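Peer 1: test case, fold it:
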Amino acid sequence: MNFKTGDKVVVIAGKDKGKEGKILKTLRKENRVIVEGINIVKKHMKSNGQSAGSIVEIEAPIHASNVMIVDPKTGKRTRIGHSTDKKGKKIRIAKKSNESLN
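Peer 2: Presented below is the predicted three-dimensional model:
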């Protein structure tokens, strides 16, 4: 999985298709990501000593294949490629514009 926390992505499949958001968390073992404002579900919270029970809305994980990175130059979705910089460090690049993502 080539996504990192903080990447701006667009959803390409599912009920939130076309929406954009920032990655809050990556779940590498499950190949899923949690995107800000995407795949909102209602969760019933049990009451504890400090707060009463309630129904809260949280972001649920979405499969990584259903999101694509947003190109920083054009603002459209793109694939991720890998290259090396002048110092020999491996970096991620946007395939459409060859712009660095790091």
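Peer 1: determine the set of other helices and strands touching the strand ranked longest in the chain.
Peer 2: Longest strand in the chain, counting residues (DSSP state E): strand 20-27. With contacts defined as 3 or more CB pairs under 8 Å, 6 or more residues apart in numbering; DSSP states H and E, strand 20-27 has these neighbours: strand 8-11, strand 32-35. For glycine as for every other residue, the C-beta is placed from the backbone atoms N, C-alpha and C.
Peer 1: what number of residues lie near residue 72?
Peer 2: Using other CB atoms under 10 Å, the number of residues around residue 72 comes to 13.
Peer 1: count the neighbours of the closest residue to it other than its chain neighbours for me.
Peer 2: Nearest non-adjacent residue to residue 72, counting by CB to CB, 6 or more residues apart in numbering: residue 99, 5.2 Å away. With neighbours defined by other CB under 10 Å, the count for residue 99 comes to 14.
Peer 1: how far away is residue 99 from residue 5?
Peer 2: Distance of residue 99 to residue 5, given as CB to CB, to the nearest Å: 19 Å.
Peer 1: isn't residue 24 up against residue 35?
Peer 2: Yes: Residue 24 lies in contact with residue 35 (CB atoms under 8 Å); the separation is 6.8 Å.
Peer 1: quick check: mean pLDDT of the longest strand of the chain?
Peer 2: Computed over strand 20-27, the mean pLDDT rounds to 97.
Peer 1: quick one: that strand to chain centroid distance?
Peer 2: Relative to its chain's centre, strand 20-27 lies at 3 Å (CA atoms, centre = their mean, to the nearest Å).
Peer 1: same question, stretch 9-17
Peer 2: Here the centre of mass of C-alpha atoms in stretch 9-17, compared against the chain's by CA atoms, centre = their mean, lies 11 Å away.
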